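K.L.:
One predicted model, sequence on top.
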Amino acid sequence: MKMSRAAHYTKLAIGVTTLSGLLWGCSGVPEKDSILKDARSTFSTAKNDPNVSTYAQTALYDAEKALKQAESADNSVQMQHLAYLAQRQAEIAQAVGTRRAAELERDTLSKQQGEVVLMSRERELSQKAQQIDQKAREAQLAQEQAERARLQAEEAQKQAERLLAQNRELQEQIKELQGRQTEKGLVLTLGDVLFETAKAELLPSATHNLNKIADFLNQNQNRNVLIEGHTDDRGGDAYNQGLSEQRAESVRMALVQRGVSPQRIITHGYGKARPIESNATETGRQKNRRVEITILNEGERW
């Protein structure tokens with residue numbers, strides 16, 4: 001059943017409008033100078049095509065309008081989108097003009113020539129129609145691919161922003177824990193006041209700091225942990241060595257209980273061997289009684 005000319009052009013106009021709308025959101029177009037040059041060239045070819053000026057004036061007008069907007073665009077991104085749209089609309093104008101002229105020629109031939117000539121011409125016209133349909137499908141596919149790329153780029157940007165916000169939050173947590181940066185990584189110190197006197201058991205007052213450290217480690221899975229226990233010089237060597245090892249182990253267990261993988265943690269006890277202050281004063285001895293938690297730099301091991 002043949003479609004009336006009015007219905008045919010209505011359908012064609014809807015198709016052009018839809019394709020233009022889809023192409024509007026396209027990203028990932030060629031370099032700006034090249035796309036604008038291509039758009040001008042394609043528009044010029046369409047404008048000089050008598051079939052276009054006769055049968056596709058609306059599509060040609062849309063292409064010219066988009067090209068002018070591209071040439072006066074405020075920024076490069078807008079220019080590229082408009083130039084890309086102008087080029088595609090000019091191609092559509094050429095396709096519409098060619099198809100309409102071919103249809104009219106077919107009508108003329110049907111009146112003037114015999115059935116054999118008409119069938120041959122119809123095959124040629126059918127091939128042209130298939131080529132036009134193929135171009136439309138390719139344009140649609142290109143639009144869909146460009147849209148997916150745009151959405152992926154937006155998601156990557158959002159992910160980067162989320163990671164940046166998380167990093168700022170973690171830096172605030174580090175600041176709260178009063179950590180110090182070294183070549184090996186970030187060093188946090190748990191003082192003697194967080195343990196039972198002369199024992200390895202952690203006091204409830206250590207919970208806040210341990211929670212913060214565990215949160216940091218659970219959000220940074222590629223950072224390993226070194227826990228080192230130290231004592232002052234009071235008591236025998238064996239006693240101090242054992243106490244330093246036990247306190248380091250207590251901290252390790254506390255972090256594991258908070259979700260940190262035990263494979264990421266190693267402990268050492270140094271007894272009185274590594275003081276940071278003189279043991280001649282009570283203040284110095286208290287500072288020497290400590291557990292140091294080193295959150296190693298990203299990707300490093302012990």
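P.N.:
All right, it came through fine.
K.L.:
going forward, measure contacts and count neighbours with C-alpha atoms only.
P.N.:
Will do.
K.L.:
Show me the shaky parts of the chain.
P.N.:
1-32, 112-118, 170, 173-174, 177 (pLDDT under 70).
K.L.:
quick one, strands of it?
P.N.:
Using DSSP state E, the strands found in the chain span residues 180-181, 185-191, 225-230, 265-269, 290-296.
K.L.:
Tell me which strands the last one pairs with, and in which orientation.
P.N.:
With DSSP bridges as the criterion, the sheet partners recorded for strand 290-296 are strand 185-191 (antiparallel), strand 225-230 (antiparallel).
K.L.:
quick one, it and strand 265-269 angle?
P.N.:
Strand 290-296 and strand 265-269 meet at an angle of 150 degrees, taking axes from the mean of the first three to the mean of the last three Cα atoms, to 10 degrees as the criterion.
K.L.:
And this protein, what are its domain boundaries?
P.N.:
If you go by automatic domain parsing, the domain ranges for the chain are 5-159, 178-296.
K.L.:
closest one to Q166 among those domains?
P.N.:
domain 178-296 (8.8 Å; Cα to Cα).
K.L.:
Nearest the middle, which residue of the protein would you pick?
P.N.:
Most central in the chain under Cα atoms, centre = their mean is A156, positioned 1.0 Å from the mean C-alpha point.
K.L.:
now, of the strands paired with strand 290-296, which is deepest in the fold?
P.N.:
Most buried of these, by mean neighbour count (mean count of other Cα atoms under 10 Å): strand 225-230, with a mean of 26.
K.L.:
Send me that one as PDB with only the CA atoms.
P.N.:
Only the C-alpha atoms of strand 225-230 are listed here, as PDB (Å, rounded to 0.1, in the frame of the first residue of the first chain):
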ATOM      1  CA  VAL A 225      50.200  -1.700  59.200                       C
ATOM      2  CA  LEU A 226      53.300  -2.100  61.400                       C
ATOM      3  CA  ILE A 227      52.700  -2.100  65.200                       C
ATOM      4  CA  GLU A 228      55.700  -1.700  67.500                       C
ATOM      5  CA  GLY A 229      55.600  -1.900  71.300                       C
ATOM      6  CA  HIS A 230      58.200   0.000  73.500                       C
END
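K.L.:
just to revisit the earlier point, could you provide the domains of the chain in TSV, with additional columns for distance to A165?
P.N.:
Below are the domains of the chain laid out as TSV (distance: least, Cα to Cα, whole Å):
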stretch	distance to A165
domain 5-159	10
domain 178-296	13
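K.L.:
List just the one of the ones you listed that sits closest to E172.
P.N.:
For these, the distance to E172 is smallest for domain 178-296, at 9.8 Å, taking Cα to Cα.
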